[in-house]
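> below: sequence and its predicted model.
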Amino acid sequence: MLYCEKCRMMAENGRCDNCKGKGLIREPVDNDPVLLAKVDQVSAAMLEGILQDEHMPFLKEGRMGAGLTTWAGGMLEEYSFYVPYGMLTQAAELAKVVFDDAPVFEEEEQPQDGSVEALEEMIEMEGEDEPF
C-alpha cells in the first residue's frame, strides 16, 4: 500500500480515492500520520482515552473547528484520529474496543474467582434502595 501525503491515508490502488490522485503518493515511513478513524464526539472521547492510556501518540482534528463547535454544539462535530504509520496496526486493535461489540467470554475463559457473581449481587442490591 502507498501513502497519500495530502489526505494522510493509505492508497490501495496506487491512487488515492479520497483526493482522486491530487496528493503525492509514496511509500509510507513509520512516522507518517495515517488516518485511524473518523468518529463522533462520544466515540472520540472513548478512543482518546484508550490511546492516552496506552501512551500511543495521536493527532485529533475536528472537522468544524472549535469556534463553530462551540456555537453549533459538539454533537455535530466529527473528529479524525491520526496515528504514526508504524503504530497503525496496534492502534487499530485498540480502536476495536470502541467500535466492536463487548468481548464475549467463552465458558472456559470466564473468571473462576466468583467476581462475576459478586458484581451481579452488588447490582441487585443497588436496585433495592430505589423507590421505583
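Perfect, thanks for sending it. Residues are numbered from 1 along each chain as shown.
> residue 88: neighbour count?
For residue 88, the number of neighbouring residues by other Cβ atoms under 10 Å comes to 19. Quick note: C-beta positions are derived from backbone N, CA and C, even for glycine.
> what strand or helix carries it?
Using DSSP states H and E, residue 88 maps to helix 88-99.
> domains of the protein?
For the chain, automatic domain parsing gives the domain ranges 1-29, 31-102.
> Serialize these to CSV and add fields for mean pLDDT.
Shown next, in CSV, are the domains of the chain (pLDDT from 0 to 100):
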stretch, mean pLDDT
domain 1-29, 86
domain 31-102, 82
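> hey, where'd the helices end up in this protein?
Along the chain, the segments classed as helices by DSSP state H run 41-53, 66-72, 88-99, 115-128.
> quick one on the thing from earlier: next, the buried residues of the helix holding residue 88.
Of all the residues in helix 88-99, those buried under the rule 16 or more other Cβ atoms under 10 Å are 88, 91, 94, 95, 98.
> same thing with stretch 33-50?
Residues of stretch 33-50 classed as buried: 33, 34, 35, 36, 37, 39, 43, 44, 47, 48, 50 (neighbour count, 16+ other Cβ under 10 Å).
> just those now: which is nearest residue 26?
When the buried residues of stretch 33-50 are ranked by distance to residue 26 (Cβ to Cβ), residue 34 comes first, at 12.8 Å.
> ok, residue 21 touching residue 13?
No - the pair formed by residue 21 and residue 13 falls short of the contact definition of Cβ atoms under 8 Å, at 10.0 Å.
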